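Peer 1: Predicted model and sequence follow; I will ask about them next.
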Amino acid sequence: MRTTRLILSVSSIIVLLLLAGTAGATPVVTGEAGRCVTVTDDLGETVVIRGTPQRIVSLAPSNTEILYTLGLEDRIVGVTDYCDYPPGAADKPKVGGYSSVNIEKVIAAEPDLIFAARNTEEVADRLRTLGMTVVSLNPQTVDDVLRDIELVGTATGQEEQASACIEELRKRIRAVTGKVENLAERPSVAHIVWYDPIRVSGRGTFQDEVIRMAGGTNAFGAVEEWSIVSLEEFITTDPEYILVSSGTGMNRDGYDAIYDYIMNEPRLQRLDAVRNGRVYVIDSDIVSRGSPRIVDALEEVAGDLHPDVFGTGTPKATEAVQSPGFGAIPLICTFFAVFLAWRKR
């Protein structure tokens with residue numbers, strides 16, 4: 001009898017000790033019981049995601065656009081100052097700039113998943129050391145964008161939505177590439193991201209890939225990424241079509257700064273594109289961000305270059321506006337806004 005009591009007493013003590021040892025543990029909110037997925041992000045990091053993330057922070061505009069496309073807007077608890085699409089993204093809590101993320105604000109958002117970008121990798125490393133779950137996206141091509149949509153879908157439990165989105169985007173891409181693959185004429189195209197000095201999109205950029213997929217040839221495909229070319233070199237190259245960026249930082253007081261320069265600079269008036277009315281404005285955000293809207297850019301450029309093939313008629317170029325000129329301070333501000341815009345993905 002005495003032995004039985006002793007055994008029961010010892011057992012009770014052991015149970016109490018076990019309960020005390022687990023009292024301080026934080027339960028994992030899974031959303032889906034037992035869910036655990038492992039993904040490899042664009043920087044080669046292996047990331048384990050437990051449960052279904054309910055509080056997501058996005059550190060790049062392109063990441064935010066993918067999240068919205070997959071119907072995850074209600075789970076977003078933090079975005080950057082540059083996350084402006086869809087419009088609802090502008091109302092989300094801000095955690096800093098694209099390359100100046102405020103780590104304290106990220107932590108305060110209590111995210112269970114963070115989507116970082118190439119320009120925020122130092123911040124991402126710091127967040128990882130603090131125990132945060134971070135997935136980095138760094139798409140370089142249109143196919144990379146599709147893979148990142150799949151990656152985000154897997155990480156967030158939105159696999160079906162991601163699959164449907166990818167299939168629809170592939171269908172739209174094929175609708176363009178299928179019509180231009182056998183074209184005998186592939187006009188030369190220049191894409192300008194800034195004009196003072198002239199900076200163009202070369203190889204290794206989304207703009208270069210969009211031009212080629214849309215049935216054109218990049219007039220500056222021999223230069224690396226976004227490069228400065230002289231006015232003389234641009235005139236000598238004489239592209240048949242010119243695409244100029246608009247959008248964030250590009251549009252001031254009702255006119256497009258780059259387009260205005262091209263159409264009003266006396267030394268450019270003899271260019272084929274200017275004389276033939278083939279200078280077109282394209283939103284810098286859709287043609288530079290690694291988001292689903294890159295396919296919008298593809299369709300738009302294809303329609304500009306081959307209106308007869310895509311039934312778009314003769315594209316209407318933006319009317320030139322005579323500018324009174326920039327003051328020194330507005331010019332500097334606009335330049336830096338543009339510099340940030342073309343780096344965004």
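Peer 2: Sure thing, it's come through. Numbers count the residues shown, from 1 in each chain.
Peer 1: Can you tell me the SS state at Asp42?
Peer 2: coil (DSSP: H, G, I helix; E, B strand; the rest coil).
Peer 1: where's it relative to Ala155, distance?
Peer 2: To Ala155, Asp42 is 12 Å away according to CB to CB, to the nearest Å. Heads up, the C-betas are built off the backbone N, CA and C, glycines and all.
Peer 1: Compare these two (neighbour count), which wins?
Peer 2: Each of Asp42 and Ala155 has its neighbours counted (other CB atoms under 10 Å); Ala155 has more, 23 against 19.
Peer 1: OK, contacts around Arg199?
Peer 2: Arg199 makes contacts with Ile192, Val193, Trp226, Ser227, Ile228, Val229, Trp342, as judged by CB atoms under 8 Å, 6 or more residues apart in numbering.
Peer 1: Check Glu300 too.
Peer 2: By CB under 8 Å, 6+ apart, the residues touching Glu300 are Ile282, Ile286.
Peer 1: Same check on Tyr68?
Peer 2: Tyr85, Pro86, Gly88, Ala89.
Peer 1: low-confidence ranges in the stretch 1-150 of the chain?
Peer 2: 1-33 (pLDDT under 70).
Peer 1: repeat that with 80
Peer 2: 1-33, 98-99, 119-120 (pLDDT under 80).
Peer 1: so where do the helices sit in it?
Peer 2: 2-22, 61-69, 103-108, 121-129, 142-156 (DSSP state H, counting those that start in this stretch).
Peer 1: Domain ranges for this structure, per the record?
Peer 2: 36-168, 187-343 (automatic domain parsing).
Peer 1: Just the mean pLDDT for the longest one, thanks.
Peer 2: When pLDDT is averaged over domain 187-343, the result is 82.
Peer 1: re earlier: give me the subset of the contacts of Arg199 lying in strands.
Peer 2: Per DSSP state E, strands hold the following members of those: Ile192, Val193, Trp226, Ser227, Ile228.
Peer 1: thinking the fourth one is in contact with Phe220, fair?
Peer 2: Spelled out, that is Ser227. Yes: under the criterion of CB atoms under 8 Å, Ser227 is in contact with Phe220, at a separation of 7.3 Å.
Peer 1: hang on, the earlier thing: output the ones in strands among the contacts of Arg199 as CSV; include the columns distance to Gly34.
Peer 2: Shown next, in CSV, are the ones in strands among the contacts of Arg199 (distance: CB to CB, whole Å):
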residue, distance to Gly34
Ile192, 53
Val193, 48
Trp226, 46
Ser227, 51
Ile228, 54
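Peer 1: Quick check on these: which are buried?
Peer 2: Ile192, Val193, Trp226, Ser227 (16 or more other CB atoms under 10 Å).
Peer 1: now, among those, which is nearest to Asp256?
Peer 2: Using CB to CB, Ile192 comes nearest to Asp256 of these, at 10.9 Å.
Peer 1: Tell me how many other residues surround the residue lying closest to the closest one once chain neighbours are set aside.
Peer 2: Nearest residue to Ile192, sequence neighbours excluded (CB to CB, 6 or more residues apart in numbering): Val244, at 4.9 Å. By other CB under 10 Å, the residues close to Val244 number 26.
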